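Trainee: dropping a prediction and its sequence here:
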Amino acid sequence: MDSETEKGVLGFEEKHLIAIMMFLSINGECQKIEIYRNVSSNPRIPDKLDRLESMGLITQEPIEGSRATNIVLTAKGRKVANILVDLDALLKTN
């Protein structure tokens, strides 16, 4: 196991990681620019995506003939993201 995986849920302490996962869960596969537009324009977003990829939660797939990159949840990432969305909904209820 690598150090990112060993952190478990504490790996999500870095800002925007949960928001990125929830965005992908709700909206599905998207281009990196959509993360910038809808989650954060933080210049460290590529580092955050690399972290999620190292945790086995997303893949970053280059689009042939373009500089764009698709961000896709892995099977593990879908499970984690769905739990985060459910947790968010639970916390928002009275």
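Mentor: Received, thanks. Numbering: from 1, shown residues only.

Trainee: buried residues in stretch 13-24, which are they?
Mentor: Buried residues in stretch 13-24, counting neighbours by 16 or more other Cβ atoms under 10 Å, are found at H16, L17, I18, A19, I20, M21, M22, F23, L24. Where C-beta positions appear, they are placed from N, C-alpha and C, glycine not excepted.

Trainee: again, but for stretch 63-74
Mentor: Neighbour-count burial for stretch 63-74 flags T69, N70, I71, L73, T74 (criterion: 16+ other Cβ under 10 Å).

Trainee: residues contacting the second one?
Mentor: N70 sits next to E29, C30, Q31, K32, Q60, E61, P62, I63 when contact means Cβ atoms under 8 Å, 6 or more residues apart in numbering.

Trainee: 7 Å instead, please
Mentor: Residues near N70 by Cβ atoms under 7 Å, 6 or more residues apart in numbering: E29, Q31, E61, I63.

Trainee: separation between the residue nearest the centre of the chain and E64?
Mentor: Centroid-nearest residue in the chain, with Cα atoms, centre = their mean: M21, separated by 3.5 Å. To E64, M21 is 26 Å away according to Cβ to Cβ, to the nearest Å.

Trainee: rewinding a little: quick check, nearest of the buried residues of stretch 63-74 to M55?
Mentor: Closest approach between the buried residues of stretch 63-74 and M55, by Cβ to Cβ: T74, at 9.4 Å.

Trainee: my read: the closest one touches Q60, true?
Mentor: No. Between T74 and Q60 no contact is recorded; they are 11.1 Å apart, counting by Cβ atoms under 7 Å.

Trainee: what distance separates the longest helix along the chain from the centre of its chain?
Mentor: Secondary structure of the chain per DSSP state H: the longest helix is helix 75-92. Relative to its chain's centre, helix 75-92 lies at 12 Å (Cα atoms, centre = their mean, to the nearest Å).
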